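Student: Predicted model, plus sequence, below.
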Amino acid sequence: MSIEIKNVTKIYGLQKALNEVSFTVNQGEILGFLGPNGAGKSTLMKIISCYIPPTEGTVIVDGYDVREDSLEIRKRVGYLPEHNPLYLDMYVKEYLTFIAGIHKLNKKKEKLSNVIDLVGLGLEQNKKIGQLSKGYKQRVGLAQALIHDPKVLILDEPTSGLDPNQLADIREVIKNIGKEKTVMFSSHIMQEIEAICDRIVIINRGKLIVDKDALQMMNSNSSQQIVQVEFEKIVSKTELKSIKGVEKVKQLEGNSWQLISTKPEDLRVEISKFASSKGILVLSLQKETQKLENIFKELTN
């Protein structure tokens with residue numbers, strides 16, 4: 001595993017920002033790291049990146065302890081903080097050359113060219129950073145995190161300010177990176193987490209409340225099941241409400257309906273029994289995956 005977090009606590013004065021948080025992130029895994037504002041996400045990312053030390057507990061990154069081997073960890077970690085710090089008076093190419101120099105990289109020109117192509121900065125590389133849009137500034141921040149080919153990538157709100165086309169591009173970049181590297185990815189855009197992440201960790205008020213495989217969480221975490229069904233002919237709302245387990249009924253288009261239940265019975269089975277008893281054909285029957293946004297609200301409120 002690339003990141004081990006064991007009983008990490010961080011205290012600022014009288015405030016406990018993190019309270020005995022423990023989980024691991026494996027190589028080749030993209031971890032979605034979620035929590036409300038003030039939950040402690042950025043604090044933990046800064047600890048992993050060796051910007052601040054933990055008050056208690058242990059963090060091991062690629063076999064190195066953050067307390068004892070911070071320089072070794074910094075060589076292996078690429079970090080994009082939430083508030084992307086950039087030198088606005090420097091040109092894009094000049095800035096990335098400067099970052100490459102800090103990392104003492106060999107073949108600077110080759111690595112600079114590769115990372116510029118990777119994050120889509122080719123047309124902007126000769127502009128001053130201060131002249132760029134917020135989306136392109138984010139790309140510059142991502143480029144500086146990637147230029148030294150780190151084993152671990154820590155991304156705190158990396159898609160902030162990107163337009164839909166840029167979102168798709170950066171999403172694909174992160175997916176490809178995640179095949180070889182360890183990626184820890186924080187975002188308030190739930191669709192991004194759904195699209196990119198293999199596993200989801202949620203913290204709230206400094207405590208770990210969820211650590212689950214993304215698909216498992218979407219399919220099983222909520223107490224509510226939602227089924228969408230289309231019949232061959234008209235069925236009344238009253239008839240559908242009589243189906244065992246059905247609590248809410250919503251008509252969609254034509255003969256399509258959305259049925260909702262919090263009961264243990266599988267609604268698909270009960271709907272099939274109902275259709276058979278009425279001699280009605282079912283044209284489509286699908287259990288909807290729970291939306292991460294709803295699960296997040298349910299867990300953190």
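Tutor: It's in.

Student: neighbours of residue 39, just the number please.
Tutor: 21 (other CB atoms under 10 Å). Bear in mind the C-beta positions are built from the backbone N, C-alpha and C, glycine included.

Student: Which elements pack onto the helix or strand of the chain with the lowest mean pLDDT?
Tutor: Of all helical and strand segments in the chain, the minimum by mean pLDDT, DSSP states H and E falls on helix 214-220, at a mean of 72. Here helix 214-220 touches helix 190-196, strand 199-204, helix 292-300, going by 3 or more CB pairs under 8 Å, 6 or more residues apart in numbering; DSSP states H and E.

Student: Could you identify which of the ones you listed is most buried?
Tutor: strand 199-204 (a mean of 22; mean count of other CB atoms under 10 Å).

Student: so what does that one touch, helix or strand wise?
Tutor: strand 15-25, strand 30-34, strand 207-213, helix 214-220, helix 292-300.

Student: all helices for the stretch 1-150 of the chain, in order.
Tutor: 41-48, 70-76, 92-102, 108-119, 134-146 (DSSP state H, counting those that start in this stretch).

Student: domains of this protein?
Tutor: Using automatic domain parsing, the domain parsing of the chain gives 3-219, 222-300.

Student: rank those by pLDDT, which is bottom?
Tutor: Among these, domain 222-300 carries the lowest mean pLDDT, at a mean of 86.

Student: Doesn't residue 153 lie inside a strand?
Tutor: Yes: assessed with DSSP: H, G, I helix; E, B strand; the rest coil, residue 153 lies in a strand.

Student: Identify the residues contacting it.
Tutor: Residue 153 sits next to 77-79, 145-146, 177, 181-184 when contact means CB atoms under 8 Å, 6 or more residues apart in numbering.

Student: What separation do you get for it and residue 183?
Tutor: Relative to residue 183, residue 153 is positioned 5 Å away (CB to CB, to the nearest Å).

Student: next one: residue 233
Tutor: Residue 233 is 50 Å from residue 183, by CB to CB.

Student: Comparing the two, which shows the higher neighbour count?
Tutor: Counting neighbours by other CB under 10 Å for residue 233 and for residue 183 shows that residue 183 has the greater number, 26 against 10.

Student: hmm, back to that, which outside residues touch the least confident helix or strand of the chain?
Tutor: The contact list for helix 214-220 (CB under 8 Å, 6+ apart) reads 32, 193-194, 197-200, 210, 289-290, 292, 295.

Student: how about those, which pair is most distant?
Tutor: Maximum pairwise distance among the contacts of helix 214-220 (CB to CB): 17.3 Å, between 198 and 290.
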